[in-house]
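Q: Need the 3D shape of this:
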Amino acid sequence: MRIPNLRIPACVLLIVWSAVLISADEMRTAVVLEVNGAIGPATSDYIGQGLRTAREDAAELVIIQLDTPGGLDAAMRTIIRDIIASPVPVAIYVSPPGARAASAGTYMLYASHIAAMAPGTNLGAATPVQLGGGGLPGMEPAEKEPRGEDQADGDEKKPSAPGGSAMEKKMVNDAIAYIRSLAEMRGRNADWAEKAVREAASLSSEQALQENVIDVIAADMRDLLEKIDGRTVNVNGIDRQIDTQGLTLRTIEPDWRTELLSIITNPNIAYILMLLGIYGLFFELANPGFIVPGVIGAICLILALFAMQVLPINYAGLGLILLGICFMVGEMFMPSFGILGIGGVIAFVFGSIILFDAEGGDVAVSLPLIIAVSFLSAAFIYFALRVAINAFRKPVVSGMEQLVGSTVEIMEKIDRDHGRVYVHGEIWNARSDDDLQPGDKAKVTGMDGLVLQVEPLKEEHS
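A: All right, here's what the predicted structure looks like:
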């Protein structure tokens, strides 16, 4: 059987080829990652996954839409390493209007292949936080920097913190060297970068463009794509021209793992999980068989340990918290007139305050939360202690010991010999040093085996 030759019209081939070209053009994408809030382990995990997805999907560009007050140094450095190693160009876009790229955000902006900002945004304040300090990175040291006539006074105040100034210089010099290296790698203003670290300086978007800190100012994403089209950037040592014509924006949302990590790495949540875990296991050990406190406590403790693995934990603070809990629990079993309890509360509060290292940035347990938890812990220990003391003082209500002190009724005459008495619905053998007649009332003063020792019940006169 002969198969006839199939002749496909040229117009059909042209249409099919055009469809293939259109599909290929539509596959050219720009991956968008949205970062809002403090930089932490969840942020670095999210950006790392987004960059890997962009590489696997052969995306043309990655745009990180940024609005951050700063965050953890370790997480920031992880993000910067991922950006530098990315084979896909990375543009960081500080947006929307009113957003900022403070502290860690400034470092990330300097590390990006393309730095862009929306009108009405700002960056800077990149001074690392002093050990023992608080607040956002870069905010406090700016007020302490001596200026003009106050310089002498400022120099006199520095020695008041022994050892602190040396550590501060060490941190600042390290941060300056780091941000200058990023600026020189990307051809941006290294002098202003040093100023942002040393003096916590900040710039608006217009000033940043004039100072050669950023590359473009864009009103929105589409405007950004138009303005960076045709720019040449260096990606892993290779010059690459960015082609944004026909790019499709593809936003990657955080997955459940990133969302969970974001929740449990919140210092307040990690702190609560740790306490729930410790108290849950304590109640399970104190009352074996309840099961629920033990299961919930074990889960919470594992989640807390996972969160603290990626947070800047101060082990002295953690040790003080555990010591405080042990002291408060010890007060329940070894009453010390409140000494153990009060000491436990003090250790617990101080441990909670220093639980996270100050060098981690804006990472600390909320002071109102510490006060509330400490108050509840102290109140619970006090309540449990009162219950235990009251229970200890109550007379015995079961067993053989409950008979001592009970009032009995004489059933048979007792004259220094055995007789029988009626008590608690039972008939017992008894003896007494006094003569007792049937119907008399007596009090049990002791026991000798299964024989009760009784004495006449003294009548109370009003």
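
Q: how about the closest residue to residue 448 other than its chain neighbours, phi and psi?
A: Spatial nearest neighbour of residue 448, chain neighbours left out: residue 431 (7.9 Å); criterion: CB to CB, 6 or more residues apart in numbering. C-beta coordinates here come from the backbone N, C-alpha and C atoms, glycine included. Dihedral pair for residue 431: phi -140, psi 160, per degrees, to the nearest 10.

Q: for the stretch 301-450 of the chain, which spans come out with low pLDDT?
A: 332-333, 335-338, 357-363, 384-385, 387-389, 391-402, 415-417 (pLDDT under 70).

Q: all helices of the stretch 151-300 of the chain, in order?
A: For the stretch 151-300 of the chain, the helices defined by DSSP state H, counting those that start in this stretch occupy 151-157, 164-186, 190-198, 205-210, 221-228, 256-264, 267-286, 292-310.

Q: Just put the ones you listed in JSON lines and tack on distance to residue 53 and mean neighbour count.
A: Output for the helices of the stretch 151-300 of the chain, formatted as JSON lines (distance: least, CB to CB, whole Å; neighbours: other CB atoms under 10 Å):
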{"stretch": "helix 151-157", "distance to residue 53": "49", "mean neighbour count": "11"}
{"stretch": "helix 164-186", "distance to residue 53": "24", "mean neighbour count": "16"}
{"stretch": "helix 190-198", "distance to residue 53": "30", "mean neighbour count": "21"}
{"stretch": "helix 205-210", "distance to residue 53": "29", "mean neighbour count": "18"}
{"stretch": "helix 221-228", "distance to residue 53": "18", "mean neighbour count": "18"}
{"stretch": "helix 256-264", "distance to residue 53": "12", "mean neighbour count": "16"}
{"stretch": "helix 267-286", "distance to residue 53": "27", "mean neighbour count": "19"}
{"stretch": "helix 292-310", "distance to residue 53": "21", "mean neighbour count": "17"}
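
Q: any idea which of those helices scores lowest on pLDDT?
A: For these, mean pLDDT drops lowest on helix 151-157, to a mean of 38.

Q: who's in contact with stretch 252-267?
A: Where contact means CB atoms under 8 Å, 6 or more residues apart in numbering, the residues beyond stretch 252-267 that reach it are 31-33, 40-43, 45-46, 49-50, 53, 269-270, 273, 303-304, 306-307, 310-311, 355-356, 363-366.

Q: From those residues, list just the buried residues.
A: Among these, those scoring as buried are 31-33, 40-43, 45-46, 49-50, 53, 270, 273, 303-304, 306-307, 310-311, 355-356, 363-365 (criterion: 16 or more other CB atoms under 10 Å).

Q: can you pull the contacts of residue 190?
A: The contact partners of residue 190, taken as CB under 8 Å, 6+ apart, are 179-180, 183-184.

Q: Please look at residue 245 and residue 229 and confirm they touch.
A: Yes. Checked against CB atoms under 8 Å, the pair residue 245 and residue 229 is within contact range at 6.4 Å.

Q: returning to what we had before: let me know the closest of the contacts of residue 190 to residue 212.
A: residue 183 (9.4 Å; CB to CB).

Q: Residue 75 versus the closest one, what's the distance?
A: Taking CB to CB, to the nearest Å as the measure, residue 183 falls 21 Å from residue 75.

Q: returning to that earlier point: helices - which of the buried ones among the contacts of stretch 252-267 land there?
A: Judged by DSSP state H, these include 41-43, 45-46, 49-50, 53, 270, 273, 303-304, 306-307, 310 as members of helices.

Q: ranges for the helices of the stretch 301-450 of the chain?
A: For the stretch 301-450 of the chain, applying DSSP H, counting those that start in this stretch gives helices covering 315-333, 339-353, 367-393.

Q: Which secondary structure elements does the first one sit against?
A: In other words, helix 315-333. helix 267-286, helix 339-353, helix 367-393 (3 or more CB pairs under 8 Å, 6 or more residues apart in numbering; DSSP states H and E).

Q: same thing with the shortest one?
A: Helices and strands touching helix 339-353, by 3+ CB pairs under 8 Å, 6+ apart, are helix 315-333, helix 367-393.

Q: Deepest-packed of the ones you listed, please.
A: Neighbour counts (mean count of other CB atoms under 10 Å) averaged over each of the helices and strands packed on helix 339-353 peak at helix 315-333, with a mean of 18.

Q: relative to helix 292-310, how tilted is that helix?
A: If you take axes from the mean of the first three to the mean of the last three CA atoms, to 10 degrees, helix 315-333 sits at 160 degrees to helix 292-310.

Q: got the CA coordinates for helix 315-333 in PDB?
A: Extracted in PDB, the C-alpha atoms of helix 315-333 (Å, rounded to 0.1, in the frame of the first residue of the first chain):
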ATOM      1  CA  TYR A 315      24.000  31.400  76.000                       C
ATOM      2  CA  ALA A 316      24.500  33.300  79.200                       C
ATOM      3  CA  GLY A 317      21.000  34.600  78.900                       C
ATOM      4  CA  LEU A 318      19.600  31.100  78.100                       C
ATOM      5  CA  GLY A 319      21.500  29.700  81.100                       C
ATOM      6  CA  LEU A 320      20.000  32.400  83.400                       C
ATOM      7  CA  ILE A 321      16.500  31.600  82.200                       C
ATOM      8  CA  LEU A 322      16.900  27.900  82.900                       C
ATOM      9  CA  LEU A 323      18.500  28.700  86.300                       C
ATOM     10  CA  GLY A 324      15.600  31.100  87.100                       C
ATOM     11  CA  ILE A 325      13.000  28.400  86.300                       C
ATOM     12  CA  CYS A 326      14.900  25.800  88.400                       C
ATOM     13  CA  PHE A 327      15.000  28.200  91.300                       C
ATOM     14  CA  MET A 328      11.300  29.000  91.100                       C
ATOM     15  CA  VAL A 329      10.400  25.300  90.800                       C
ATOM     16  CA  GLY A 330      12.700  24.600  93.700                       C
ATOM     17  CA  GLU A 331      10.800  27.000  95.900                       C
ATOM     18  CA  MET A 332       7.800  24.700  95.500                       C
ATOM     19  CA  PHE A 333       9.600  21.700  97.000                       C
END
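
Q: can you tell me how far residue 300 sits from residue 418?
A: As judged by CB to CB, residue 300 and residue 418 stand 63 Å apart.

Q: Revised request: answer the last question for residue 445.
A: Separation of residue 445 from residue 418 (CB to CB): 16 Å.

Q: how about the helices of the stretch 301-450 of the chain in a markdown table, adding distance to residue 119?
A: Below are these laid out as a markdown table (distance: least, CB to CB, whole Å):
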| stretch | distance to residue 119 |
| --- | --- |
| helix 315-333 | 43 |
| helix 339-353 | 41 |
| helix 367-393 | 37 |
